[in-house]
Each structure stands twice: as structure tokens, then as C-alpha cells.
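# Sequence first, predicted model second:
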Amino acid sequence: MQPYILMLEDDEDDRHITETFFAANHFQYEVKFLTNSDDVMPFLRQCLAGAQSLPRLILLDKNAPASGGMEVLKSIKSHPKLKIVPVVMISGFSHPGEINESYRLGANSYMSKPFSHEQTAKKIQTFLEYWFDAVELPNNEAALL
């Protein structure tokens, strides 16, 4: 099964930008989108039940509808079999208190959304190079054993 990134993003434009960038750069990972934060944990529980593999990385929009990205982060990082999956919080705003809270709850990174197309492309490129060229991601399937 092809490795994938799970992204919680309610904004249609942000999903389109992400999909377009991944397709244009022939990126080796698929991106699966969820638009409601209350759908993330049921999706991950299905993965744990064997419906599909776990994502290699999870991107959470801090302000996603329903319970919000911070609640999802708490749930992921408190689950013994999910806490190994790296989680990146994404927000349109960079409030120091929210950034600190994200890290306190176990986020692996916090990223602010850029406000121009050029900034977005550069930030996504840098993000991908870091997470998929520079670091080693955990083997999530081995963690389940």
C-alpha cells in the first residue's frame, strides 16, 4: 500500500493548493483529506483495525470544524499506538500561547499558513524536503506489533 499523509483541512482552497503541489512535483506520498476534526479518530481507529495502513504523517488544521485540531492532537498523542505518528499543527495565525500548547500536547511541528501563493509554494517545498528527505519517519506498521 502506498504511504500517505493524512491532512485535516476544511478550507477547499488550501486542499486544492496542497493537491496541486503534490501532483506537480510527482511526490511519492498520496494525501488523504478529512474536513471535520470529528472524523480523524474514527479514521485512525479503522487504520488500527486493519482497514488500511496508518498515515506516515498527520497534518492538523488547528481551527478545523467541530472539536478542533488541538482536541484531535490530544487524542492522537494519548493513544498508545498512535502517538508514534508525527503530527504537524497548521494554523493561519501564530499566537505564541497556541504554539506552546501544541508542543506541550505532543505536536512534532507547528506551521503557520502563508498568505501568498509564492510563500505557500516555498513553504510546502521546504516542509516536504524536511519531512521526507532530511528525517526518518517511523515505521508505523512495526509500531503496531
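Right, received. Where do you want to start?
# what's near enough to touch the most centrally placed residue in the chain?
Nearest to the mean C-alpha position of the chain, by C-alpha atoms, centre = their mean, lies Leu59 at 1.3 Å. With contact taken as C-beta atoms under 8 Å, 6 or more residues apart in numbering, Leu59 is in contact with Ile5, Leu6, Met7, Leu8, Glu9, Val87, Val88, Ile90. For the C-beta atoms, the positions are set from N, CA and C on the backbone; glycine is no exception.
# Looking at those residues, point me to the pair that's furthest apart.
For the contacts of Leu59, the maximum inter-member distance is 13.8 Å, found between Glu9 and Val87 (C-beta to C-beta).
# if you count what's nearby, which of the two comes out ahead?
Val87 (25 against 22; other C-beta atoms under 10 Å).
# How about the contacts made by the closest residue to the more buried one other than its chain neighbours?
Distances taken as C-beta to C-beta, 6 or more residues apart in numbering place Ile58 nearest to Val87, at 4.7 Å, with adjacent residues excluded. Ile58 makes contacts with Ile5, Leu6, Met7, Leu8, Val40, Ile76, Val85, Pro86, Val87, Val88, as judged by C-beta under 8 Å, 6+ apart.
# For the residue nearest to the centre of the chain, which non-adjacent residue is closest in space?
Met7 (4.2 Å).
# Surely the one you found touches Thr18?
Yes - with contact defined as C-beta atoms under 8 Å, Met7 counts as touching Thr18 (6.6 Å).
# Could you measure from Ser91 over to Leu105?
14 Å (C-beta to C-beta, to the nearest Å).
# related to what we said a few turns ago, tell me which of Met7 and Thr18 has more neighbours.
Each of Met7 and Thr18 has its neighbours counted (other C-beta under 10 Å); Met7 has more, 22 against 19.
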